[in-house]
Every structure is written in structure tokens, then in C-alpha cells.
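1. Got a sequence here, can you build the structure:
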Amino acid sequence: MENSRRKAAYIVARWMATKEFPGELLPDGPERAFVQDLVFTVIRRLRPLRRILGTMVSRWPKGELEAFLYVGAAQIIFMDGVPDFAAVNETVEAAKSCANASVARVVNGVLRNLVRRRQLLAKGSELETFPSAIVRRWRERYGQDGAEALAAWHNRPAETVLARRDGSFTTLERGKSVAETKGFAEGEFIVQDPGTALAIELLRPAPGETILDACAAPGGKTVQIAWRGASVAACEVNPKRRRRLEENLRRLRLSVEVLDSLPGGGRLFDKVLVDAPCSNTGVFRRRVDARWNWSEEKLSALVKLQAEILDNASASVRPGGVLVYSTCSNEPEENEAQVRSFLERHDDFELSASKESVPFVSGMDGAFAAAFVRIPIVPGERPIGCCGESGGASHQRV
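-> This next block holds a predicted model:
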């Protein structure tokens, strides 16, 4: 694992400076798994690391020194599989690459002191690792025990799950490369958590149907729709994300119409999926940095954006057709409240069913999905099937 601590410290320093998604900064190669564990541990445990390191230094460090102290302390306090001598020695060796020679000396002194005093230092609770505003919301919804269970879930390293053509999910062996897994080049699977299946279960794509995926990238749900034989148009307005969508579709050898905006001109579809941009609070264990980007203001802005997308996409649903709205969030404003608001604005739609995955209950990522039926204009026309009969809406928490 040569230079792995150096790479981890570089990613941590860059993330602190730019707030880029750290998962996109990880190196390829055999050290990737360790670097990811180390970087993600630092980001998950940032608040207790700051508290503990604050007792070790007289003045708070910045830049490379701060990053190397986080990397070293995370190994000593939170990564039980890393021996103390390796955490100290390898991190100090990595810090010697810094132009300022004092960085390695300070790292050496602080980490050795940390090892000696570790038994006197409290790791803190799982709830300490999340912003106070999020913890307050969790306590209000799930109670103290539920909040602690949810925090513990989101601090657990996420496994890599493969969704296959037959609808099954399998967990990839830890540390194994997705690209080197049998069937990757042949397009036999995609990487996707079972929590994403809620939207597909409500959409129920079938051969011969025309379906619009209105917020398609990176393409996981688009792929699952196409695998079920439907004719899919996938819309993605962000050029970078659209390129990723197209790359995934090529690997999977799927013929899908890719759009850079929602179709106009009165074009209608049997079904429309809106997998909306959201706060990611259901996937904090995968998007480890999202907890530090969260705020009430950003949540309000996302709710407004989701409503706009829903309004625009709903115009593409044919009478009798189905609109499915989904998020990877557990926030009521983005889910149940968004559903109620949509129905108040659109009396030509009715709610058919909704589902929610709460991670510490379901054992899957957090997710929400709701299915609406557009009331037919032609008297006697029946809605095409999405969730059984359309008369009575049901909500299922899994």
C-alpha cells in the first residue's frame, strides 16, 4: 500500500478546499479499497476527530498538516484493523513528502501522543458524527433510539451491490473491483442498492410500453426499465452526467433514446419516472460528504426544484398513464409533503401507492417512491397497471 496515506491525505485536503465528491478522487489500483476506507472514515468521523485532535494541538493546523493529522488519527481511533505502529510510521513517512519538513515532525509527535492517551479519549456517540440540525430532525421522527440506529447505519461502510438483469441483487466481495467482476464487460449487471427497486416496483415497466426517465443519470433505473422490455427515453440536462449515462448504456449494450431536455411538442408516454435530485439523506453511508453539505436552506431549494420537475414531467404522461416520483431521501418535505403538494396543483392525477425504505428498519438505503395515475379523459378508459387497482392509495414502509 505504498503512498496510500499520502493519497488519502491529498484527497482529504482537496475535499476540504473544494468540496468535490471524494469518491471521484479515489485512485485506481490495488490500494483503492484502503484509501477509500481511510478517506471515508475521516469524512464520516470529522467532528469527533476535530474534538480529539483539538486536545492535542495548541493551535489548529491548516492545509496538508490538518489532512495528515486527520488521516493518522482516523486509523488510530476508528480503524481497528490498522496496527498503531503502521498508522503512525506510514503516515509520518507519507508526510515527509510535504515541502515543509515540519509537517512530518508535528504529525509524528501528535500521533504518538494520541496512541499513548487513546484510552482517555472518548470516541463519542454515533450522533456526534452528524450536524446537529439533522440529528434534531431524526429524533423528532424516530425518537432517540431510532436516531442512534440511523446514525450507526449511515456510519457503516457501504457494501457494493450488483443489480442483475433477472431482478436479483448480489453483494460484491469487499475490495473486489467492479470492472474485473465476471460479466462486467458483457453488461450483465449494474451497481445499485436494492433500495432503488422501490421506484421500479411502482413503475412496473412492461414490454411494449413507452417510458420516459426524466432525471436519468447515471442510468441505473433507466437500465432496469430497458431490461424489462420497455421502450425508454432517458433525459439528462447535465452534460457531464449525460456522458456518464451514455457510457453506461454502451457498456450494457442497450438501445435507449438519450435526451438533453424534457420532450415537448405534446409527446406523451405510457409512464414517466421522476427520480428527482434530492438531499441524499437516505444514502449518507454512500455519499459520506453529503451530511456536511446539508442545510435547511438547501433542502428548501431542492423541494422547489423537485416540484418544478414534477410539474414539467407530468405533462408528458398520457391520460390513463402513470407518473412515478422517487428520491433517495427520508425527509418528509421531499417525500410525503411533495406528494400532497403535487396533488393540490394537479387535479388530473390521483395517488395510487407509495413506499419508503427507512435504513435501520429495511436494511437497505433510504428511499421513497410514489405512483400517480393521470385520470383518463375518455370515459371508461382504465389506467394501465402500476400497482393494482388505482382506486385506493396505499403507503408501505419497508
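
2. C-alpha only now, for contacts and for neighbours.
-> Will do.

3. Just the pLDDT for S394.
-> Looking at S394, its pLDDT stands at 72.

4. How about it: what's its closest non-neighbour residue?
-> Spatial nearest neighbour of S394, chain neighbours left out: A353 (4.6 Å); criterion: CA to CA, 6 or more residues apart in numbering.

5. In the chain, where's the longest strand?
-> strand 317-327 (DSSP state E).

6. ok, and what's touching that strand?
-> Contacts of strand 317-327 with the rest of the structure, by CA atoms under 8 Å, 6 or more residues apart in numbering, involve 199, 202-203, 268-278, 280, 310, 314, 334-335, 367-377, 381-384, 386.

7. now for the helix or strand following that strand, which elements pack on it?
-> Per DSSP states H and E, the first helix or strand lying C-terminal to strand 317-327 is helix 336-345. Judged by 3 or more CA pairs under 8 Å, 6 or more residues apart in numbering; DSSP states H and E, the packing partners of helix 336-345 are helix 296-314, strand 349-357.

8. So what's the gap between helix 336-345 and the chain middle?
-> In terms of CA atoms, centre = their mean, to the nearest Å, the centre of helix 336-345 is set 24 Å apart from its chain centre.

9. what are the ranges of the helices in the protein?
-> 4-18, 32-44, 46-54, 63-78, 84-95, 102-117, 132-154, 197-203, 220-227, 239-251, 290-293, 296-314, 336-345, 359-362 (DSSP state H).

10. The last one - what's its average pLDDT?
-> Put plainly, it is helix 359-362. Across helix 359-362, pLDDT averages out at 96.

11. And for the third one?
-> Averaged across helix 46-54, pLDDT comes to 96.

12. Could you list the domains of the protein?
-> 4-120, 193-397 (automatic domain parsing).

13. quick one, which of the ones you listed is nearest to R156?
-> domain 193-397 (6.4 Å; CA to CA).

14. mind checking the end-to-end distance for the closest one?
-> 17 Å (CA to CA, to the nearest Å).

15. A301: neighbour count?
-> 12 (other CA atoms under 10 Å).

16. can you check N108 too?
-> Neighbours of N108 using other CA under 10 Å come to 20.

17. got the contact list for it?
-> Here N108 is in contact with V88, N89, V92 (criterion: CA under 8 Å, 6+ apart).

18. Show me how to select, in ChimeraX, the buried members of those.
-> A single ChimeraX command selects the buried members of the contacts of N108 (16 or more other CA atoms under 10 Å):
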select :88,89,92
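
19. Any chance of the contacts of N108 in TSV with pLDDT as columns?
-> Listed next are these as TSV, based on pLDDT from 0 to 100:
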residue	pLDDT
V88	97
N89	97
V92	97
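
20. now the contacts of N108 in JSON lines, with distance to S295?
-> JSON lines is the format used below for those (distance: CA to CA, whole Å):
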{"residue": "V88", "distance to S295": "36"}
{"residue": "N89", "distance to S295": "38"}
{"residue": "V92", "distance to S295": "36"}
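
21. out of the contacts of N108, who's nearest R291?
-> V88 (28.5 Å).

22. what's the closest non-adjacent residue to the residue most central in space within the chain?
-> The structure's the chain has its C-alpha centroid closest to V283; by CA atoms, centre = their mean the separation is 4.0 Å. Nearest non-adjacent residue to V283, counting by CA to CA, 6+ apart: D365, 5.6 Å away.

23. now that we're looking at the one you found, how far away is E31 from it?
-> Distance from D365 to E31, by CA to CA: 26 Å.

24. I'd assumed L162 was in contact with T171.
-> Yes: taking CA atoms under 8 Å as the definition, T171 is a contact partner of L162 at 6.2 Å.

25. For the two, indicate the residue with more neighbours.
-> Taking other CA under 10 Å, T171 and L162 do not tie; L162 has more neighbours (19 against 13).

26. Is the more buried one in contact with G187, as I believe?
-> No: using CA under 8 Å, L162 is not in contact with G187; the gap is 11.4 Å.
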